[in-house]
Structures are given as C-alpha cells and as structure tokens.
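[1] Got a predicted structure here, sequence first:
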Protein chains: 2
Amino acid sequence: MRQQRVTSFDVAARAGVSQSTVSRALTGDPVVSEATRSRVVEAARELNYHVDENAARLRTGKTGTLAVVVICRPGELRKDVNPFYYSLLGSICAAASAKDFETLVSFQDVPESLWGLYEEQRKADGLIIIGSTANREAWDYFRSLHDSGAHLVCWGSPYDDFDWIRSDNHAGARLATNHLIERGYKRIVYIGTEHSPQRQFKERWDGFAERMRAAGLEPKLAEIDERLSREEQGREAVQALAGAGWPCDALFAACDEIALGALEELRHLGKHVPQEIGLIGFDGNRAGAHSSPPLTSIEPDFESAGDMLVEKLLGLIAGEPQDQQRVAVRLLERESTRRG
Amino acid sequence: MRQQRVTSFDVAARAGVSQSTVSRALTGDPVVSEATRSRVVEAARELNYHVDENAARLRTGKTGTLAVVVICRPGELRKDVNPFYYSLLGSICAAASAKDFETLVSFQDVPESLWGLYEEQRKADGLIIIGSTANREAWDYFRSLHDSGAHLVCWGSPYDDFDWIRSDNHAGARLATNHLIERGYKRIVYIGTEHSPQRQFKERWDGFAERMRAAGLEPKLAEIDERLSREEQGREAVQALAGAGWPCDALFAACDEIALGALEELRHLGKHVPQEIGLIGFDGNRAGAHSSPPLTSIEPDFESAGDMLVEKLLGLIAGEPQDQQRVAVRLLERESTRRG
DNA sequence: CTGACAAATGAATAGGAATGCATAAACGGG
DNA sequence: CCCGTTTATGCATTCCTATTCATTTGTCAG
C-alpha cells in the first residue's frame, strides 16, 4: 500500500540534476544557482518530497533537537509538579520552536534513566534542565555530565559554574519587601532559607534582608524543612508562627507554593489576610490568581525566560562563551497585600 | 579533542566477533549464544559504547518517539494554557517513558507548523493530540492527517471516528449532579453547552440532564460563548444569571476554568459560596485547591489517562484494532458545595 | 564414518542525505 | 584565441546500524 518513499534521487531525476544538487539546493547552500534551486524546489513539491530527518541526522551528527528535563521529587506524580515549571516548559518549547528546534521532554526523578539521553545516544544536541533543586541525586548526575563536556543549561542551578538562568531574585525580593513596607507592614517574616545550596531562596533572602535593613527593620527568617512538600513547608511555618504568638504582621514566602500552603493554614487558623497579616509569594504561579484572597506575587517574564534558556544553549552548542543572565521580574499585585 | 566516535566495529574488534554479531547481541536477537552476548556486552561497557540512535533509526525506519501536540488557542501564551493539559502532558510523558518511548512535545496554535512533524519528516512514530478543541483550523488539519493514514490518538476529539480517550463525562456529570442534589441544591444551572462539536461538554450536559430529570428537577443551561476565554465564559454566565435575578441555587460548570471565572464573579457580586449558591467544576485542576472556597470538582484519573493514550497509540502503530475508552473519574469534594 | 540438519557467526548490503573532490561551463583579460 | 578564474554541478564516499544471505561449526542418526 504505502508506496516507496520519495528520496532525493527521485527529486533529482525529476528536476534533471544530481542528488547532490538537490541536497545543496534544499539545505540552502549558496553555491547553487537560483534557477536550479527553484527547479528543485518545484520538483520536491510536486513529488511531495520531504527530507528524511534520520538520514540527515546520521550524516551531520546534529539532531535539531533540544532535550528538556524536568526534575521531579522522587515519586512525585506528574500532575503535582510545580505549575511554575509547566509554564516554563511551555515557554521553552515555544522558544525552541521559533528557532526551528524540536523539544524532547522528559520528567525524571531517578537520574539513571537519563543515561542515554545525551551524547551516549545522540538524541539531542543539548540539555535544558528545570525543576526541583531538591533532588540531589539528579544534580550530582548533571554535575558529571557537565564536567564531561555536555552542552547543558539550567534554570536555577545549585552549582554556580553551570550555565544557568535565574529570576532576578535579589531585585524581586527587594520589590516584594518594598511593597509590603509601603503597605505599612513592618514585622515581616521570610519563609524560606538562607542555606546556600538553595541558591534562589538564598538570593531572595538576601534581597529581603537588604531592603529590610535599609528601612531600619529587622529581617526575620522562618526556616523551612526541605524534606516536606512546598505546601507543607508553608503550613508548618504558619503553625510555628502561631505557636510563637504571631511575631509578625506579614509573610514573604520564598515561592508561591509555600505561600499557598501558608494561606491555607492562615485561613484554617482564622487569621485574616490581608487585614491581620499580609502575604506575598514569588513565581507568579497561576494558582495564586484564584486563591482567596488572590495572592500577590513576583512574576518572572516567562517568555523571555524560555527565550534566554534556548538562546544560551544554542550559543553553547555553537561554542560561544556565555555569561550568566537574569530574567526580569515584576510585581503582580493582587489582594493578599491590599489591606485597609 | 573529541575522540572518534566508538562504533559497533570497535566493539566487534574488542570482543573478537563481527559487527553483525555485536548488533544482534545488543538488540537482543535470541540467535546469539549467551557466551558471545556477554563478551559483547562487556566490550561495549569497557569502550563506553552506545548505539547511534540516528543510524539505527535510518536503518529501521522507527524512531522510538511519540509526538505530543498541545493545541492552543491562537495567540495564547504558553503559561496560560489550561493546567489540565499540563497535567495530562506530564502523565503522557511518564507513560511513554515507561514504554521506552521518547516524547517530542510541541505547542501549536497555527497548524501549518505541523507539517513536517509526522510522516513527512519521520520524526515520530505517532501523534498524541491534546488541548483546546476550539481551534477548528488545527483540527481540520488533523482530520486530513488522520484520513491519510497517520497514527494518531487524541484527548477529547471533536471527531467521533478518531481514536480518542475521554473522561467518563456522562458518569462524572451524574456524579456531580448527584452530589449537588444530595447537598440539597435543587435549582441547578449547567454552564456549558449542549452544542455537539464540543463533545465533552455535550456529554456532561447529557449526564447532568439525565440525573436532574431522574430527580424530577429541570435541567437548566447557561450557554457559553466559545469566542471568550474559559474564565470569561464563567464570569459572563454569572453576570447573566445575576441579571435574571438568580434563578438558581447551584452551578455546575463544564470545566474548572469556567468554574473559577464564575467563582471570581460571584465573589465580586457578593454572592456567598457555598451558602447562597453551590458550585462544582470538572477536570480536577490544581488551581481549584487554592480558590476561595476551594472548588469541588470531578477529577479524571490522570495517570491512567496518560497510560491509555500511550497504549492506544502503540496499539495503533502495531496495527491492532482499537476501541474507544473512558477514563474513570471521581468526586473531588472540597468546600464550594459544602453548605450548612 | 558420513550425510542431514541445526546453531552460530560472518560478509555484504541497504537505508537516504551531506560533503570533499573533481570537473564542466562560463567568463574575462591579455 | 588561449589560459587562468570563478561558478555551478556531478561523482563517489561517508555516516553507523540492522538485516539478508551465505558459511562454518557442531550434533546426531543411520
């Protein structure tokens, strides 16, 4: 039934040229004359010819594909992955597509399954890594991949010498803190960590602390337990604060998932947001738009995040030196900080 | 720097066999003796040899890859894609990975860019389509792909003769309606459509109407305008109901996004949920967990949805006849229906 | 001991495009 | 009119694996 595949030889025969010329014409080699090129293109169209991607890949060793890996917490269901990473994933795919690259997506909680993704099996020209930095095993593996020369960029790496893109956490945290101060909140607690491996959270703490001190206020920290889920971290922090007699009038959560967990617990305890206590998150998660009250947050520019990740990876593949970059953030003001 | 690639010939030399034997040993051909196979495997390990996926693909014509296409509304930002589809995407990727298939993911709003994904460029063995059924252009394109013999399965197709998987919408709608009735709501309005191209919404309407009539109640419909975003559809429906003097004490929204839009508008109008008016959605969107009040919904079993889509596609590729299937749903009871 | 047959392996080729090298055509200057 | 260039094209080879066909080795019955 399925007739013989149309090859570049068929096109060559029809256009009255050689197979080499067909190949050159279609790959855009400037050496072929315009007249010939258009004859070839026409013949290809007539025969409904399309390059056999696999043959081209074998010959060139390039795949035209980027692999995007979403690191999950071990055992995490895919539907429970932080929606932030889904938004990021979407924008990466869009950015890659705009550069004519395909995206091979996988979700990983155990790193062994990654063997074979890059280099060993040449399925992709490079790797974009996003997702939980809490999965240490996975990152150890990327460490070794990176050191063996793989092309790899990531979102919010725990390793400084990787090529990474992050939100402008420092600026974002200052923005958030400033916003709370402007709203009249003074006793602000940061729910997160200043522990160094969680770079992004540490940077947010730094921005927070700086802005607080500049206002003559004391930055306070509610340290989270990395073993819990993000939402539980938020709930637990609120419980601890309740136990301590509420030494605060506002909370700055290191990410929206923590904020949403905190919000739930606050409601549970009958604490009114934003009147009794203000709350701001970080990441611009969609879910925050529908919480009660809707969550104020710091939102990175997702589209440029995807663009930057893809461009940096392509630059790396092309052998150009890269420098670290930050994604711009903006205040997404909703009701959880609108008191009065 | 990069040393010459290790090929199966190198392995053959080291193991003292021919290249053919290496290939057979590594692809699991039962004809090779155990002794030889283990020698080959050992040699491959020592040389850090890995099959060149591209060469294998060229030879076999199989890619070991499934393409997943997420249809977007034209111009829709990737971060604004219905989170339901992201959850589904995640579970599809996990299911494919469990079957040793890679997943090539793309987001599409204009169908032209799809030319080249399947068949023409042999990048994938088959296609899984999920996403908005409102993008008619895209579906017209899939219609032609399907008719030309492409391997293709989809989530909630507008075409009955496609191979599709859907939620058990009828059962889910009965479940939802039953739940509302049990909670004492009687004047229930379905926000959605009974218009046939939107199969899933139609099926939900049917289940709703059936259960209502069985209880001696009149099923009422608030028809949505497909040109608006889902959330706006919800908002608009609520406005219309307000204008009509609230002829209802509960709302059953055709999907969670509509429900969340409705919820927002209800709060805006000072209508108390669930005391004054009950609200239930459909899809089990994560965002509903954080709304105020948290949204009761009907949740499909995402994991089996991914499994079923992948299995059906693989069956199709293998040439086995497929029959339509339904994904089981369950009631996800939260607070938007808990009155009293 | 030999022929028939099965089991295991090797040699050779196909798969389809890209590319280095060779060559033909076109062109211009002397 | 000839030769050195440039421009455009063709020829032959390469990428690496899977697979068909042929061959060798081993086994067992007669």
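    Alright, I've got the coordinates. Numbering: from 1, shown residues only, chains lettered A, B, ... in the order given.
[2] drop to CA atoms for contacts and neighbour counts, all remaining ones
    Noted.
[3] Tell me where the stretch 51-200 of chain A has helices.
    Using DSSP state H, counting those that start in this stretch, the helices of the stretch 51-200 of chain A run over A:53-60, A:83-98, A:136-147, A:169-182, A:199-214.
[4] Turn those into TSV, including mean pLDDT, mean neighbour count and distance to residue B:149.
    Below are the helices of the stretch 51-200 of chain A laid out as TSV (pLDDT from 0 to 100; neighbours: other Cα atoms under 10 Å in any protein chain shown; distance: least, Cα to Cα, whole Å):
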stretch	mean pLDDT	mean neighbour count	distance to residue B:149
helix A:53-60	93	17	20
helix A:83-98	95	23	26
helix A:136-147	87	16	40
helix A:169-182	98	22	50
helix A:199-214	96	21	49
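[5] Would you format these as TSV with distance to chain B included?
    Shown next, in TSV, are those (distance: least, Cα to the nearest Cα, whole Å):
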stretch	distance to chain B
helix A:53-60	5
helix A:83-98	4
helix A:136-147	14
helix A:169-182	20
helix A:199-214	21
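[6] who's in contact with the residue of the stretch 201-340 of chain A found nearest DNA strand D?
    At 18.4 Å from DNA strand D, residue A:317 is the closest residue in the stretch 201-340 of chain A, using Cα to the nearest atom of the strand. Applying Cα atoms under 8 Å, 6 or more residues apart in numbering or on different chains, we find residue A:317 in contact with A:125-126, A:151.
[7] switch to 7 Å and redo it
    Counting by Cα atoms under 7 Å, 6 or more residues apart in numbering or on different chains, residue A:317 makes contact with residue A:151.
[8] and what of residue A:129?
    Per Cα under 7 Å, 6+ apart, neighbours of residue A:129: A:68-70, A:153-155.
[9] Looking at those, spot the one nearest residue B:59.
    Comparing those against residue B:59 with Cα to Cα picks out residue A:68 as the nearest, at 26.4 Å.
[10] Tell me how many other residues crowd the closest one.
    25 (other Cα atoms under 10 Å in any protein chain shown).
[11] ok, it to DNA strand D distance?
    Distance of residue A:68 to DNA strand D, given as Cα to the nearest atom of the strand, to the nearest Å: 24 Å.
[12] for residue A:282, what are its contacts?
    Residue A:282 touches A:253-256, A:297-299, counting by Cα under 7 Å, 6+ apart.
[13] which parts of the stretch 1-150 of chain A sit against chain B?
    Contact residues (Cα under 7 Å from any Cα of the partner chain) of the stretch 1-150 of chain A with chain B: A:50-55, A:57-58, A:78-79, A:86-87, A:90-91, A:93-94, A:102-107, A:120-123.
[14] from those, which are also near DNA strand D?
    A:55, A:58 (Cα under 7 Å from any atom of the strand).
[15] I'd guess residue A:26 is in a helix, am I close?
    Yes. Per DSSP: H, G, I helix; E, B strand; the rest coil, residue A:26 lies within a helix segment.
[16] and it, what pLDDT?
    On the pLDDT scale, residue A:26 is placed at 94.
[17] Leaving aside the residues adjacent along the chain, what's closest to whatever residue of the stretch 201-340 of chain A ends up closest to chain B?
    For the stretch 201-340 of chain A and chain B, the shortest gap (Cα to the nearest Cα) falls at residue A:291, measuring 3.9 Å. The spatially closest residue to residue A:291, leaving aside those adjacent along the chain, is residue B:291, at 3.9 Å (Cα to Cα, 6 or more residues apart in numbering or on different chains).
[18] ok, which stretches of chain A are strands?
    For chain A, applying DSSP state E gives strands covering A:65-71, A:102-108, A:126-131, A:152-155, A:163-167, A:188-192, A:220-223, A:250-253, A:278-280, A:297-300, A:325-327, A:329-332.
[19] out of the ones you listed, nearest to residue B:13?
    strand A:126-131 (30.7 Å).
[20] Which neighbours in the sheet does that closest one have, and how are they oriented?
    Partners of strand A:126-131 in the sheet, by DSSP bridges, are strand A:65-71 (parallel), strand A:152-155 (parallel).
[21] Centre of the chain to the shortest one, how far?
    This means strand A:152-155. Relative to the centre of its chain, strand A:152-155 is centred 9 Å away, using Cα atoms, centre = their mean, to the nearest Å.
[22] Only alpha carbons, please: show that strand as CSV.
    Taking Å, rounded to 0.1, in the frame of the first residue of the first chain, the C-alpha atoms of strand A:152-155 are listed here in CSV:
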residue,chain,number,x,y,z
LEU,A,152,23.7,21.9,29.3
VAL,A,153,21.9,24.9,30.7
CYS,A,154,19.6,25.0,33.6
TRP,A,155,17.1,27.0,35.5
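[23] who's in contact with it?
    A:126-130, A:146, A:162-166, A:309, A:313.
[24] Go again with 6 Å.
    A:126-130, A:163-166, A:313 (Cα atoms under 6 Å, 6 or more residues apart in numbering or on different chains).
[25] Spatially, which two of the residues you listed are the most separated?
    Using Cα to Cα, the contacts of strand A:152-155 span at most 18.6 Å, a distance reached by A:126 and A:166.
[26] So which of these two has more stuff around it?
    Neighbour totals were compared for residue A:126 and residue A:166, and residue A:126 leads with 25 against 20 (other Cα under 10 Å).
[27] Surely residue A:169 touches residue A:206?
    No. In this structure residue A:169 lies outside contact range of residue A:206 using Cα atoms under 6 Å: 8.9 Å.
[28] check contacts around the closest residue in space to residue A:250 that isn't next to it in sequence.
    Among residues not flanking residue A:250 along the chain, residue A:278 sits closest, at 4.2 Å (Cα to Cα, 6+ apart). Contacts for residue A:278 were tallied using Cα under 6 Å, 6+ apart; they are A:250, A:336-337.
[29] Show me just the buried residues among these.
    The neighbour count (16 or more other Cα atoms under 10 Å in any protein chain shown) marks A:250, A:336-337 as buried among these.
[30] near DNA strand C, which residues of the stretch 1-150 of chain A show up?
    By the rule Cα under 7 Å from any atom of the strand, the part of the stretch 1-150 of chain A lying against DNA strand C is A:5-9, A:19-21, A:23-24, A:26-27, A:50-53, A:55-56, A:58-60.
[31] circling back to that earlier point, figure out which of the helices of the stretch 51-200 of chain A is closest to residue B:305.
    helix A:83-98 (18.3 Å).
[32] Mind pulling the model confidence for the nearest residue to residue A:255 once chain neighbours are set aside?
    In space, and not counting its chain neighbours, residue A:255 is closest to residue A:282: 4.4 Å by Cα to Cα, 6+ apart. Here the pLDDT value assigned to residue A:282 is 97.
[33] Dihedrals phi and psi, residue A:282?
    Here is the backbone geometry of residue A:282 (degrees, to the nearest 10): phi -150, psi 130.
[34] That one and residue A:132, how far apart?
    According to Cα to Cα, to the nearest Å, residue A:282 and residue A:132 sit 15 Å apart.
[35] same check, this time on residue A:163
    Residue A:163 is 17 Å from residue A:132, by Cα to Cα.
[36] again, but for residue A:228
    Separation of residue A:228 from residue A:132 (Cα to Cα): 13 Å.
[37] For the contacts of residue A:129, name the two members farthest from one another.
    A:70 and A:153 (12.4 Å).
[38] tell me the pLDDT at whichever residue of the stretch 201-340 of chain A sits closest to DNA strand C?
    Residue nearest to DNA strand C within the stretch 201-340 of chain A: residue A:318 (14.5 Å; Cα to the nearest atom of the strand). Looking at residue A:318, its pLDDT reads 89.
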